[in-house]
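Trainee: Sequence first, then the predicted structure:
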Amino acid sequence: MSIALFDSGVGGLSVLREIRRLMPEESILYFADQGHVPYGPRPLEEVRQFSEAITRFLLERGAKIIVVACNAASAASLLSLRQTFPHIPFVGMEPAVKPAAEQTATGKVGVLATPATFQGALYASVVERFAAGVALLPHTCPGLVSQIEGGELESVATRAILEEALGPMLKENIDTVVLGCTHYPFVIPLIEKIVGPQVRVIDPAPAVARQTERLLLARGLKKEPAERGSLQFYTSGAVEQFKNLLAMLLPEGGPIQQVTWQMTFEIMEPVII
């Protein structure tokens, strides 16, 4: 039995990295739906359909818990996934507005996320519950996910996207930046160069790893520390591209299998090629 994660692409590897650090004994399945990346601009119903199909795929391969390691997919589908698969625990992503609101001194917080995240009820709920009295400055960073998927973590174009988003926020005196997309932690070094040491950057991945461990313990599903668990990757994109990104973004790799999307009984589902 394995911890399973999925994302539209390689962004969820930022969450896998933290889970691996916290629970190295656990085996992990990771699904990168690079054939449909990015999820952010897609209709919520379409993302919901992808998420349910990927969940079934991962459950068939022994998932004991599923981490929706994608803010857009969490916003679109977390509630429906829990209703459709009540027997399996899910961990989702939400922008870390709560800790940002608790710690800001200026009362100004920047939030970087994709359109699907900002449109979802999950973000609205977090803002309503935790952001009273705090000014949130949102930006969708168009093109940033594609830059990261292309391995462009420090390029001129990537910096330009971030400067366009962060420049107006800095003029408004933000002291905190919340990362509302799992791809964005991979450009934290570049973000920090732009905002300077006076602005705190919040990566939610460590908190998500801790929540995953808590749920495993609560359900008696956590593996006892022993040998290092295995890693298995699936991508609906090009294997060679994923392999190159994996080498860039993670300190270790594993077998990669390519999947394709096909129509079966009027339902789109991923199938191993």
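Mentor: That came in fine, so what should we check first? Numbers count the residues shown, from 1 in each chain.
Trainee: Checking M93 next. Helix, strand or coil?
Mentor: On the three-state scheme (DSSP: H, G, I helix; E, B strand; the rest coil), M93 is labelled coil.
Trainee: Distance of it relative to L217?
Mentor: 20 Å (Cβ to Cβ, to the nearest Å). Heads up, the C-betas are built off the backbone N, CA and C, glycines and all.
Trainee: Which of those two has more residues huddled nearby?
Mentor: M93 (30 against 10; other Cβ atoms under 10 Å).
Trainee: Dihedrals phi and psi, the more buried one?
Mentor: Main-chain dihedrals, M93, degrees, to the nearest 10: phi -110, psi 140.
Trainee: G253 now?
Mentor: According to degrees, to the nearest 10, G253 has phi -120, psi -160.
Trainee: and it, how many residues sit next to it?
Mentor: 13.
Trainee: what do you get for A247?
Mentor: Residues near A247, counting by other Cβ under 10 Å: 12.
Trainee: try the one 4 residues further on
Mentor: By other Cβ under 10 Å, the residues close to P251 number 8.
Trainee: swap in V156?
Mentor: 7.
Trainee: so what's P197 up against?
Mentor: Not one residue lies near P197 by Cβ atoms under 8 Å, 6 or more residues apart in numbering.
Trainee: now do F242
Mentor: Neighbouring residues of F242 by Cβ under 8 Å, 6+ apart: 10, 32, 34, 233, 235, 256.
Trainee: Name the nearest of those relative to A113.
Mentor: V10 (17.1 Å; Cβ to Cβ).
Trainee: re earlier: filter the contacts of F242 down to the buried ones and express that as a PyMOL selection.
Mentor: In PyMOL, this line selects whichever of the contacts of F242 come out buried by 16 or more other Cβ atoms under 10 Å:
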select buried, resi 10+32+34+233+235+256
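Trainee: For the stretch 101-250 of the chain, just list every one of the strands.
Mentor: 108-113, 135-139, 176-180, 200-202, 231-235 (DSSP state E, counting those that start in this stretch).
Trainee: Among the ones you listed, which comes closest to E149?
Mentor: strand 231-235 (11.1 Å).
Trainee: could you point out where the stretch 101-250 of the chain is predicted with low confidence?
Mentor: The stretch 101-250 of the chain contains no residues with pLDDT under 70.
Trainee: Please name the nearest non-neighbouring residue to A207.
Mentor: A96 (7.1 Å; Cβ to Cβ, 6 or more residues apart in numbering).
Trainee: give me every residue that touches the one you found.
Mentor: Applying Cβ under 8 Å, 6+ apart to A96 gives the contacts 178-179, 202-204, 207.
Trainee: about what we covered before: for the strands of the stretch 101-250 of the chain, which one sits closest to L59?
Mentor: Here strand 231-235 is closest among the strands of the stretch 101-250 of the chain (Cβ to Cβ), at 13.3 Å.
Trainee: what's the angle from the lengthiest strand in the chain to strand 231-235?
Mentor: Identified as the longest strand of the chain according to DSSP state E is strand 256-264. Relative orientation of strand 256-264 versus strand 231-235 (axes from the mean of the first three to the mean of the last three Cα atoms, to 10 degrees): 50 degrees.
Trainee: Quickly run through the sheet partners of strand 256-264, with directions.
Mentor: strand 231-235 (parallel), strand 267-272 (antiparallel) (DSSP bridges).
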